[in-house]
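Participant: Quick one, what's the 3D model for this:
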Amino acid sequence: LWLWRWLWLWLWRWLWRLLWLWRWLWLWRWRWLWRWLWRWIRKPSFKTLLYRGQRHFRQRL
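Facilitator: Below is the predicted model of the structure:
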């Protein structure tokens, strides 16, 4: 009985640690995703720059 109880406690502790780790990873993942999205929104892509350049060139012509 005592051994069972100790095993249960140990398992519970490990589960708790895993949960905390998962939570931290989840938070970091969201943060990273937001940062990437922000970068993507702020920094114009090569295609958009090329498109703008073409439009500007056409307007000049």
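Participant: And the helices in this protein?
Facilitator: Ranges of helices within the chain are 2-42, 46-60, based on DSSP state H.
Participant: chain center to stretch 16-24: distance?
Facilitator: Distance of stretch 16-24 from the chain centroid (CA atoms, centre = their mean, to the nearest Å) equals 16 Å.
Participant: any chance of the helices of the chain in a markdown table, plus mean pLDDT and mean neighbour count?
Facilitator: All C-beta atoms are positioned from the backbone trio N, CA, C, and that covers glycine. Listed next are those as a markdown table, based on pLDDT from 0 to 100; neighbours: other CB atoms under 10 Å:
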| stretch | mean pLDDT | mean neighbour count |
| --- | --- | --- |
| helix 2-42 | 89 | 10 |
| helix 46-60 | 71 | 9 |
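Participant: check contacts around Trp24.
Facilitator: Neighbouring residues of Trp24 by CB atoms under 8 Å, 6 or more residues apart in numbering: there are none.
Participant: Next, find the distance separating it from Trp36.
Facilitator: 18 Å (CB to CB, to the nearest Å).
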